[in-house]
Every structure is written in C-alpha cells, then in structure tokens.
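[1] sequence first, then the predicted structure, then my questions.
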Amino acid sequence: MPEMRFTIRWPDGRSESCYSPSLVIKDYLTPGESYDLADFVAKSREALNIASARVEERYGFPCSRAMGQLARIEAAARTYSTEPNPRVAVEAFDE
C-alpha cells in the first residue's frame with residue numbers, strides 16, 4: 001500500500017509534515033491550494049478515515065498512524081478555530 005506524506009502550513013505560518021497510509025489524500029487536497037480551516041479538517045478526516053479503512057481491508061486492522069495523524073490535525077485546528085478566517089495551505093505532496 002503506497003503511503004505518502006504531505007506538507008501543510010498552519011494559519012500561524014508553522015509548517016508540518018503529515019502522514020497518510022494511502023494516496024487517497026490526493027483526491028481531497030491539492031498542493032498550492034489554501035483551505036478554510038473547517039474545510040481542511042473535514043477533507044483530512046474523510047481522506048484519513050478512508051485510508052485507514054483500506055489498511056483494515058488489507059491487513060485486518062485500522063491504521064493507527066492515520067488515526068494519530070487525524071488526531072494531531074484536529075488538535076492543532078482547535079488552537080486556530082477562534083482566529084478570524086483561519087486557512088491551511090497544502091504546500092506539497094511528498095511521495
């Protein structure tokens with residue numbers, strides 16, 4: 001199963017390398033695009049849940065790294081949720 005990383009930039013300018021156990025993230029996020037915070041979290045949640053389900057179909061258990069990544073995204077997003085118009089940029093796919 002091809003895993004990948006993708007680099008994002010949070011509203012405060014901090015860069016983060018994120019993990020996906022599947023290339024499905026490419027169906028939801030686009031490098032060079034900037035997303036409203038809630039939209040970014042929703043797209044990441046859907047893609048990482050699909051990626052984890054694909055791991056479970058293949059190996060019989062969900063992907064803990066994908067769920068951990070989702071938890072980190074959701075936790076970080078909460079810190080920016082009170083800012084006016086927070087956006088998250090997807091900088092690159094790192095395959």
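    Received it, and whenever you're ready, just let me know what you need.

[2] just confirm Arg58 is within a strand.
    No - checked against DSSP: H, G, I helix; E, B strand; the rest coil, Arg58 lies outside a strand; its state is helix.

[3] residues near it, how many?
    Counted with other CB atoms under 10 Å, residues neighbouring Arg58 total 12. (C-beta placed from N, C-alpha, C; glycine too.)

[4] again with the one 3 residues further on
    For Phe61, the count of nearby residues is 9 (other CB under 10 Å).

[5] element containing the residue lying closest to it once chain neighbours are set aside?
    Nearest-residue entry for Phe61: Val55, 7.3 Å, with adjacent residues in sequence omitted and distances by CB to CB, 6 or more residues apart in numbering. Using DSSP states H and E, Val55 sits within helix 37-59.

[6] ok, Ser17 next?
    Residue-wise, Ser17 maps onto strand 15-20 under DSSP H and E.

[7] give the burial count for the closest residue to Ile73 other than its chain neighbours, as a bare number.
    Ranked by CB to CB, 6+ apart and with sequence neighbours excluded, the top spatial neighbour of Ile73 is Ser44, at 5.1 Å. Each residue near Ser44 was counted by other CB under 10 Å, and the total is 25.

[8] tell me the pLDDT at Ser44?
    Looking at Ser44, its pLDDT is 98.
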